[in-house]
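Colleague: 3D, please:
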Amino acid sequence: MRRIGTGGPDPEGTTPRAAEDAAPPWTRTGRTEPAPGGRAPDPGGRADGAPGRNGPGGGGATVTTGDPDARWLALLMHAAFFLLLGASLARFLMRHPGETRTPWIIALSAVLAVLYLLGPVLGSRPTPRRVAWLGVLVVVWMVLVVLAPSFAWCAVPLFYTGLRILPPRAALALVALLTVFVVAAQLRLATGFDPNLVLAPPAVAAVATAVFVHMQRQAARQRDLIDDLLRTRRELAATERREGTLAERQRLSMEIHDTLAQGLSSQQMLLQAADRSWDADPATARRHVLTATGIAERNLAEARRFVHDLAPADLAEGGGLEAALRALAARETAQARGTLTVRCHVEGVAAAPLPDRVQSALLRIAQGALANVTEHADATVAALTLTHLDDRVVLDIADDGRGFGTGDPHARPPEGVRGHGLPAMRARVRQLGGTLTVESAPGEGTVLSASVPLPHTAVTATPPAPPAPEEPE
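Modeller: Reported below is the predicted structural model:
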């Protein structure tokens, strides 16, 4: 490369003033201007302003259609590249008309433009084909810079294209190579040695590269954070679904235990008793069969209601919890055929209708408790007492059966036989924020008490009446 003295023509025949005008604006002495295309190099290292290696931008990257701002910025970078390329070609043709190298300059400019347009066809991922495309693009640009130094204007889009496509080390090597060619082109156009032309392009390239790498890593961390957040949300949703499924299974198991299972157990006992007395006492056997038939009809109604909306059939008939408890007491008394009498008492008046969940839970507890009395207690009298208090409702189930002590094996049914009685009752009361207590002693019967707090909206306190005025004596 030959050096041009002061006042002599440059390789493209430019004057000293023209040489400064031909240099890229951001490397001119004494002032700082935006990069080609009317905008400064993007701090994120991408032409469209969006961080990432495979996003839209200059260098033939695919235009993103999901973000309108990114699409327009990418189109702006593409337009800037072709504008710089066209301006460099026009300057050469105006300064060097009729030279022998002019056809080569025109042909190489056309090849560079076509290669740049092939970028979107090859996709945005750093595939071998796209890396080869970038290599050919850079080689053609280098040849153009050697023949006409003013084509160094097109280096900035190639910077970001290389940083976006290549691995970090290869991208840094490419940036260094492009910077060397830019410095050489500026020195060829200069009228003498200028430290600013030697130091400014490497400094600008280093800052742009550092900012690009930083933004790229920050974007990667943000993507990882978003992925972690999405994964956590999916795991949380799956956990909530599993917990909901388990809760629903537990509820269904309690519903089945307190309705169908109790009825089937009673039917089994009655049919076994009928089978034993069929020959000796046919009348008693028929009564047992008729009672089992009534229980089967009731179970059928429970099953239909269970399938429909899982509400107790007694509550669905209307009348509320009091009517349902009275119907339950009458039915259990009729089914016992004189061996057990069940009474129902209601104390107090509800200040407001009980919530459906409370009514359903208390009725199920009463059904389960009476089933245990029938099967295990050998009682003759049982009593259901529903008490309405200001802030809670209490259901007591008492019997005069054999009772049990803390060490009695009958206090807890054997595992695998009937393990849902008391645990199911406790679970129902616990779900409503209440308590379940059992008091019993051998030979003294059993009292089961379920206490459920009422919502604040259901408590309507009556304000005290104002004192009557005293009459004068």
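
Colleague: From now on I want contacts and neighbour counts done on CA atoms only, so please keep to that.
Modeller: OK.

Colleague: my guess is residue 362 contacts residue 396, does it?
Modeller: No. The pair residue 362 / residue 396 is not scored as a contact, 9.9 Å apart, by Cα atoms under 8 Å.

Colleague: Find the residues that touch each one of the two.
Modeller: Common neighbours of residue 362 and residue 396, using Cα atoms under 8 Å, 6 or more residues apart in numbering, are residue 450.

Colleague: and residue 339, what are its phi and psi?
Modeller: Recorded main-chain torsions at residue 339 are phi -90, psi -20, according to degrees, to the nearest 10.

Colleague: Tell me how far it lies from residue 380.
Modeller: Residue 339 sits 6 Å away from residue 380, taking Cα to Cα, to the nearest Å as the criterion.

Colleague: Look at the two and report which has more neighbours.
Modeller: Neighbour comparison, residue 339 and residue 380: the larger count goes to residue 380, with 16 against 13 (by other Cα atoms under 10 Å).

Colleague: for the more buried one, what are its contacts?
Modeller: With Cα under 8 Å, 6+ apart, residue 380 has these contacts: 339, 340, 341, 399, 400, 401.

Colleague: Give the closest residue to the last one in space, chain neighbours not counted.
Modeller: Pointing back at residue 401 there. Leaving aside its chain neighbours, residue 401 sits nearest to residue 379 (3.8 Å; criterion: Cα to Cα, 6 or more residues apart in numbering).

Colleague: which stretches of the stretch 151-300 of the chain aren't confidently modelled?
Modeller: Nowhere does the stretch 151-300 of the chain drop to pLDDT under 70.

Colleague: change it to 80
Modeller: Residues of the stretch 151-300 of the chain meeting the criterion pLDDT under 80: 153-165, 186-198, 200, 204-205, 208, 212, 215-216, 219, 248-262, 300.

Colleague: Report the beta-bridge partner residues of residue 344.
Modeller: Per DSSP bridges, the residues bridged to residue 344 are residue 384.

Colleague: per-residue confidence for it?
Modeller: We have a pLDDT of 94 for residue 344.

Colleague: next one: the one 10 residues further on
Modeller: In this prediction, residue 354 carries a pLDDT score of 89.

Colleague: As a check, name the ranges of all strands in the protein.
Modeller: 341-347, 381-388, 392-399, 435-440, 446-453 (DSSP state E).

Colleague: How many residues are close by residue 173?
Modeller: Residue 173 has 14 neighbours, counted by other Cα under 10 Å.

Colleague: And residue 129, by the same measure?
Modeller: Here the number of neighbours of residue 129 (other Cα under 10 Å) works out to 12.

Colleague: you'd agree it is up against residue 122?
Modeller: Yes. At 7.2 Å, residue 129 counts as touching residue 122 under the criterion of Cα under 8 Å.

Colleague: re the thing from before, now, which of the contacts of residue 380 sits nearest residue 145?
Modeller: Closest approach between the contacts of residue 380 and residue 145, by Cα to Cα: residue 399, at 105.4 Å.

Colleague: Just give the nearest non-adjacent residue to the closest one, would you?
Modeller: Among residues not flanking residue 399 along the chain, residue 382 sits closest, at 4.2 Å (Cα to Cα, 6+ apart).

Colleague: biggest helix in the protein by residues?
Modeller: Longest helix in the chain, counting residues (DSSP state H): helix 195-256.

Colleague: Which strands and helices lie in contact with that helix?
Modeller: Using 3 or more Cα pairs under 8 Å, 6 or more residues apart in numbering; DSSP states H and E as the contact test, the elements touching helix 195-256 are helix 168-189.

Colleague: buried residues in the helix it packs on?
Modeller: Within helix 168-189, the residues scored as buried using 16 or more other Cα atoms under 10 Å are 171-172, 174-176, 178-179, 181-189.
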